[in-house]
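Okay, predicted coordinates and the sequence, questions at the end:
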Amino acid sequence: MDINFNKNEDHNKLLITDLKQKFAKIKLGGGEKRIEKLHSEGKMTARERIDYLLDANSKNIEIGGFVGYGMYEEHGGCPSGGVVVKIGYIKGKQCVVVANDATVKAGAWFPITGKKNLRAQEIAMENRLPIIYLVDSAGVYLPLQDEIFPDKEHFGRIFRNNAQMSSMGITQIAAVMGSCVAGGAYLPIMSDEAMIVDKTGSIFLAGSYLVKAAIGESIDNETLGGATTHCEISGVTDYKAKDDKDALDRIKNIVSKIGDFDKAGFNREKSQKPAFDEKDIYGILPKARNEQYDMMEIIKRLVDNSEFDTYKDGYGQTIITGYARIDGWAVGIVANQRTVLKSKTGEMQFGGVIYSDSADKATRFIANCNQKKIPLVFIQDVTGFMVGSKSEHGGIIKDGAKMVNAVANSVVPKFTVIVGNSYGAGNYAMCGKAYDPRLIFAWPSAELAVMGGTQAAKVLAQIETSSLKAKGETVDEVKEKEVFDKIKARYDEQVSPYYAASRLWTDAIVDPLDTRTWISMGIEAANHSPIEKKFNMGVLQV
């Protein structure tokens, strides 16, 4: 191993340590005192409920763990968006589980909470997975109600999705384990089956104080909407549970009896570990985002037996395309190559940049994978499309548009891993969030932005200094550097993978060693949903 490998390894391992430390704090939700208060009420935390519900020692992945990170600080923060979402196994059946975290503002819904809940439902709908709601929420966070209540992608969309999933035959089970108020009260009754925990669960459109104010009726919350009321009088819920574990055990029993699903039929063989050590990724991935490296060395440490069947190896070399297996599943991989290469005409090509020939190759490969019903995995480390007169005259816009068209119209499931840069139109062409990947996740080394921090800061600094000069202010080198450093710091914060994950532009930030698990579980989920559309690129034919 050379000195650069060791430096890279140290750097990337520090990023992983930082990731784990940040997430350990997030998992405390509203803090240890609020967790203790919940326990004193005889309730489990959201994460404890999910851990108990999922099969012991089985794999699971958490969606949106960093949602809300660094947001809403003036309101006390919103760790994980006040809701925990995991894809895991219940009695061997893959499910989506959504649990309100009552330690965070009593489980109230912030704007980002709504977005995360909708993402969980989207995953269930795309993959036809059963979805379990563990409800313990005070409803909409009123100080921010205008950002969560009335729009298309706001709170009400949850219930629209409940109805849509019901018509699609997707199992929905709700357990009311705490408050379930106002508009949120519709969720359990719009699920296939609902249960409520005695003495701690409650469901009502308006609580006792509001009822007193509105119609003058005096009534306590338990009589108004407790377990006995809804199981024996209103019929809103189907089962009464004595405590959290009793409710979760009942969910396990219900899920254990759900019938098998129609499969999409993606090809899978016995899983094999990569022949090369996966931990080498830490040393291969460079510390600086503008340094070159061979993406094939990363791929060899992600795919089964490190075997990769390259498609059009000598053509369009700034994008790697080919077939492999990940945990036994057949996949088509589209990855940005980060080494400097010679083109077929002998010219040098910059790594991480998409050229016309690369876009053309990727388009053909994506079409082939759709023809063969092979899921696609995009590995992003892209700075964008090549610019300049030669590229423009050669039709880079046309070739780029073909690639974007192929990605947008692809009918096989797509999965996106951002390992480094994800800039500009390169993000789109390599299946960014706007192009409906079933799962999209980033390594701690990732950056997402219109362009790199240094370039963007230079452009913005030039604009700002020109503006200051126009106002008659003196701008010397010291002032110019001050302006640049201020803008660069702000931009660097915005390109961080944590900034993207907090806003759900990605589903998670993961250790590179967990990449195979994420892709494998993602394809397994997608296999629940047969492909009903045919691949068609419309007017932009290949």
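Nice, I can see it.

Next, please give the residue ranges for the strands of the stretch 351-500 of the chain.
353-354, 376-382, 384-385, 414-423, 439-442, 447-449 (DSSP state E, counting those that start in this stretch).

Give me the packing partners of the last one, helices and strands only.
So that's strand 447-449. Counting contacts by 3 or more Cβ pairs under 8 Å, 6 or more residues apart in numbering; DSSP states H and E, strand 447-449 is packed against strand 414-423, helix 477-495, helix 497-502. C-beta coordinates here come from the backbone N, C-alpha and C atoms, glycine included.

deepest of these, which one?
Burial of the helices and strands packed on strand 447-449 is given as mean neighbour count (mean count of other Cβ atoms under 10 Å); strand 414-423 ranks first at a mean of 26.

Sheet partners, orientation included, of it?
strand 376-382 (parallel), strand 439-442 (parallel), strand 447-449 (parallel) (DSSP bridges).

Out of the strands of the stretch 351-500 of the chain, the one nearest residue 65 is which?
strand 439-442 (10.5 Å; Cβ to Cβ).

neighbouring contacts of that closest one?
Residues outside strand 439-442 that contact it (Cβ atoms under 8 Å, 6 or more residues apart in numbering): 123, 415-419, 422, 431-433, 448, 497, 500-501, 506-510, 515, 518-519, 522.

With stretch 248-257 instead?
Contacts for stretch 248-257 (Cβ under 8 Å, 6+ apart): 49, 52-53, 90-91, 93, 95, 130, 132, 171, 173, 175, 193, 195, 239, 241.

what's the answer for stretch 14-24, then?
Residues from elsewhere that reach stretch 14-24, judged by Cβ under 8 Å, 6+ apart: 65-66, 69, 282, 444-445, 498, 509, 511.

among those residues, which two are most distant?
69 and 282 (23.4 Å).

ok, now how distant is residue 506 from residue 417?
10 Å (Cβ to Cβ, to the nearest Å).

swap that for residue 459, sorry
Taking Cβ to Cβ, one finds residue 459 at 29 Å from residue 417.

quick revisit: can you lay out the strands of the stretch 351-500 of the chain as CSV showing distance to residue 294?
Output for those, formatted as CSV (distance: least, Cβ to Cβ, whole Å):
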stretch, distance to residue 294
strand 353-354, 16
strand 376-382, 11
strand 384-385, 20
strand 414-423, 13
strand 439-442, 21
strand 447-449, 20
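
Between these, which has the poorest mean confidence score?
Within the strands of the stretch 351-500 of the chain, confidence is poorest for strand 384-385, with a mean of 84 (mean pLDDT).

Neighbouring strands - and their directions - for that strand?
Strand 384-385 has the following strand partners under DSSP bridges: strand 353-354 (parallel).

Can you tell me what sits against the strand it pairs with?
318-319, 336, 362, 382-386, 400, 403, 426, 429.

If we use 7 Å, what do you get?
The contact list for strand 353-354 (Cβ atoms under 7 Å, 6 or more residues apart in numbering) reads 318-319, 382-386, 400, 426, 429.

what does stretch 225-238 give?
Under the criterion Cβ under 7 Å, 6+ apart, residues 176, 188-189, 193-199, 201-204, 223, 240 lie in contact with stretch 225-238.

Keep only those of the contacts of stretch 248-257 that are in strands.
Judged by DSSP state E, the contacts of stretch 248-257 include 90, 93, 95, 132, 173, 175, 193, 195, 239, 241 as members of strands.

and residue 54, how many neighbours?
By the criterion of other Cβ atoms under 10 Å, residue 54 has 22 neighbours.

ok, now which ones touch it?
Residue 54 makes contacts with 60, 88-90, as judged by Cβ under 7 Å, 6+ apart.

Also residue 6?
Residues near residue 6 by Cβ under 7 Å, 6+ apart: residue 283.

how much space between it and residue 420?
Residue 6 is 19 Å from residue 420, where distance means Cβ to Cβ.

Out of the contacts of strand 353-354, give me the one that has the most neighbours.
Most surrounded of those: other Cβ under 10 Å gives residue 429, at 32 neighbours.

Surely it is in contact with residue 407?
Yes: at 6.4 Å, residue 429 and residue 407 qualify as touching, with contact defined as Cβ atoms under 7 Å.

residue ranges for the strands of the stretch 1-150 of the chain, please.
Remark: strands assigned in the stretch 1-150 of the chain by DSSP E, counting those that start in this stretch are 61-63, 83-90, 93-100, 131-137.

just the strands in the stretch 201-350 of the chain please.
Going by DSSP E, counting those that start in this stretch, the stretch 201-350 of the chain shows strands at 202-204, 239-241, 309-310, 319-326, 329-336, 341-342, 348-349.

related to what we said a few turns ago, just so I know, which of the helices and strands packed on strand 447-449 lies nearest residue 303?
Between residue 303 and these, the tightest spacing by Cβ to Cβ is seen for strand 414-423, at 12.4 Å.

Distance from the closest one to the middle of the chain?
With Cα atoms, centre = their mean, to the nearest Å as the basis, strand 414-423 stands 12 Å off its chain's centre.

relative to strand 329-336, how tilted is that strand?
10 degrees (axes from the mean of the first three to the mean of the last three Cα atoms, to 10 degrees).

Any idea which of the helices and strands packed on strand 447-449 has the lowest pLDDT on average?
For the helices and strands packed on strand 447-449, mean pLDDT drops lowest on helix 477-495, to a mean of 78.

Quick one: distance of it to the chain centre.
30 Å.

Which neighbouring elements make contact with that helix?
The helices and strands touching helix 477-495, judged by 3 or more Cβ pairs under 7 Å, 6 or more residues apart in numbering; DSSP states H and E, are strand 447-449, helix 453-470.

10 Å instead, please
Using 3 or more Cβ pairs under 10 Å, 6 or more residues apart in numbering; DSSP states H and E, the elements in contact with helix 477-495 are strand 414-423, strand 447-449, helix 453-470, helix 497-502.

Include distance to residue 271 when you put those into JSON lines, please.
Formatted as JSON lines, the helices and strands packed on helix 477-495 follow (distance: least, Cβ to Cβ, whole Å):
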{"stretch": "strand 414-423", "distance to residue 271": "17"}
{"stretch": "strand 447-449", "distance to residue 271": "31"}
{"stretch": "helix 453-470", "distance to residue 271": "39"}
{"stretch": "helix 497-502", "distance to residue 271": "28"}
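
looking at these, which is closest to residue 526?
strand 414-423 (8.6 Å).

mind saving the C-alpha coords of that closest one as CSV?
Extracted C-alpha coordinates of strand 414-423, given in CSV (Å, rounded to 0.1, in the frame of the first residue of the first chain):
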residue,chain,number,x,y,z
LYS,A,414,-33.0,2.0,-10.4
PHE,A,415,-30.7,2.5,-7.5
THR,A,416,-28.3,5.4,-7.0
VAL,A,417,-25.1,5.5,-4.9
ILE,A,418,-23.3,8.9,-4.7
VAL,A,419,-19.7,8.2,-3.8
GLY,A,420,-18.2,11.6,-4.7
ASN,A,421,-19.3,14.5,-6.8
SER,A,422,-22.8,14.9,-8.0
TYR,A,423,-22.9,18.2,-9.9
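
wait, residue 432 sits on residue 450?
No: contact between residue 432 and residue 450 fails when scored by Cβ atoms under 10 Å: they sit 11.8 Å apart.

Between those two, which is the more surrounded one?
residue 432 (23 against 14).

Residue 497 versus the more buried one, what's the distance?
Distance, residue 432 to residue 497, using Cβ to Cβ: 14 Å.

Select the longest helix from the protein.
Taking DSSP state H as the criterion, the chain has its longest helix at helix 3-26.
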